[in-house]
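Colleague: build me a model:
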Amino acid sequence: MLNPWFGVSFVIIVLAGSMAGLSLCQRRCGLHPETARKVLHVGMGLVTLGFPWLFMKAWPVLLLAVISIGGFVVFRMFGSLQRYIGSVLHSVARLSFGEIYFVLGVCCVYLFSAGDALLYCIPISILTLADAGAGLIGESYGRERYVIGKGHKSFAGSITFFVIAYLCTDIPLLVFTGAAQGEAALIAVLTALSTTALEACAHRGLDNLLIPVGAFVVLKVCIDLEAPALAAGLVVVVVLIVWAMWWLERYPKMRCDDEPIHRD
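Modeller: Predicted coordinates:
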């Protein structure tokens, strides 16, 4: 376990350096704003995956959250900073608070997991890999779209999210726990299906908070259940998702067709 101040300094330097480097690539190499934002998303996620080994107590994570959110607010207030270091966050043509929700999501899961590395790493890996993968695939191949809530999503992006979320859950459960293959698969399907639904419904970056917290709740509830209870839970989740889709279709005023497809 490293000195917590070293860990805090390391995370801040990596975050600031990544933002500066990606902003430079945008100006010099014409890196697409969405691509730059997703690269930063993955980089931040990979760094935060190490929190259970970097920090023994919660205060360094809380301190990092305060510093990060404060920095993001400053970037939003001062245009000169946006041009030189914050453009990776604010050059996309949409309103998003994804970077702030990302910090809150990581912080909440770290506190909720109470030192359990598995319960922390699975939700953060889903946030890091599944969300970014869905965004990139949706942007590139998402020709078939559907309307949900206040925006559009793509079938390709949602399928990509589900597959990656399933793998991010199933593989760690099989490798690091004594879960049977069938039970691990059911937990992975439940987690992937629930987080895919949350990702589809959330907008303006809120998915960065809902995905990790939702994944943690599902894992916490399901990890000690046996196969029959897990199968019953899967039926309940499927019924709830079908009902939500029917409800949105029946009450179209709850939808907004003027937002383009984007995943934060």
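Colleague: please count neighbours and contacts with C-alpha atoms only from this point.
Modeller: Noted.
Colleague: show me where pLDDT drops low in the stretch 151-264 of the chain?
Modeller: Along the stretch 151-264 of the chain, the parts satisfying pLDDT under 70 run over 151, 248-264.
Colleague: all helices of it, in order?
Modeller: Here the stretch 151-264 of the chain has its helices, by DSSP state H, counting those that start in this stretch, at 155-176, 181-201, 207-222, 227-250.
Colleague: go on, the stretch 1-150 of the chain?
Modeller: Counting by DSSP H, counting those that start in this stretch, the stretch 1-150 of the chain forms helices over residues 4-29, 33-48, 51-54, 59-77, 79-81, 87-90, 98-113, 117-125, 131-141, given from the N-terminal end onward.
Colleague: ok so, going back, closest one to K38 among the helices of the stretch 151-264 of the chain?
Modeller: Distances from K38 to each of the helices of the stretch 151-264 of the chain were compared using CA to CA; the minimum, 12.1 Å, belongs to helix 207-222.
Colleague: list of residues touching the closest one?
Modeller: Helix 207-222 is contacted by residues 98-99, 101-102, 104-106, 108-109, 113, 119-120, 122-124, 126-127, 187, 190-192, 194-195, 198-199, 202, 230, 264 when judged by CA atoms under 8 Å, 6 or more residues apart in numbering.
Colleague: quick check: angle from that helix to helix 33-48?
Modeller: Angle, helix 207-222 to helix 33-48, by axes from the mean of the first three to the mean of the last three CA atoms, to 10 degrees: 40 degrees.
Colleague: list the buried ones in helix 207-222?
Modeller: For helix 207-222, a neighbour-count test (16 or more other CA atoms under 10 Å) marks 207-219, 222 as buried.
Colleague: dump it to CSV, restricted to CA.
Modeller: Extracted in CSV, the C-alpha atoms of helix 207-222 (Å, rounded to 0.1, in the frame of the first residue of the first chain):
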residue,chain,number,x,y,z
ASP,A,207,-25.2,7.2,-17.0
ASN,A,208,-21.7,7.6,-15.6
LEU,A,209,-23.3,7.7,-12.1
LEU,A,210,-26.2,5.2,-12.7
ILE,A,211,-24.1,2.5,-14.3
PRO,A,212,-21.6,1.8,-11.6
VAL,A,213,-24.1,2.3,-8.7
GLY,A,214,-26.6,0.1,-10.5
ALA,A,215,-24.0,-2.6,-11.1
PHE,A,216,-22.9,-2.5,-7.5
VAL,A,217,-26.5,-2.9,-6.2
VAL,A,218,-27.2,-5.8,-8.5
LEU,A,219,-24.0,-7.6,-7.5
LYS,A,220,-24.5,-6.9,-3.8
VAL,A,221,-28.0,-8.4,-3.9
CYS,A,222,-27.2,-11.3,-6.2
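Colleague: where does the record place the domain boundaries for this protein?
Modeller: 1-93, 115-264 (automatic domain parsing).
Colleague: tell me the most buried of those domains?
Modeller: Sort the domains of the chain by mean neighbour count, taking mean count of other CA atoms under 10 Å, and domain 115-264 sits at the top with a mean of 19.
Colleague: and the gap between A197 and A65?
Modeller: A197 sits 27 Å away from A65, going by CA to CA, to the nearest Å.
Colleague: touching stretch 170-188 from outside, list them.
Modeller: Counting by CA under 8 Å, 6+ apart, 118, 122, 165-167, 169, 219, 222-223, 226-227, 230-231, 234 sit against stretch 170-188.
Colleague: what about 10 Å?
Modeller: Residues from elsewhere that reach stretch 170-188, judged by CA atoms under 10 Å, 6 or more residues apart in numbering: 118, 121-122, 162-169, 189-194, 215, 218-219, 221-231, 233-234.
Colleague: with adjacent residues omitted, what lies nearest to A65?
Modeller: The shortest distance from A65 to any residue other than its chain neighbours is 5.9 Å, reached at V103 (CA to CA, 6 or more residues apart in numbering).
Colleague: confidence score at the one you found?
Modeller: pLDDT recorded at V103 is 93.
Colleague: quick one: it and G71 touch, right?
Modeller: No - distance between V103 and G71: 11.6 Å, which falls outside the contact criterion (CA atoms under 10 Å).
Colleague: and for those two, which residues touch both?
Modeller: Taking CA under 10 Å, 6+ apart as the contact rule, the neighbours common to V103 and G71 are A65.
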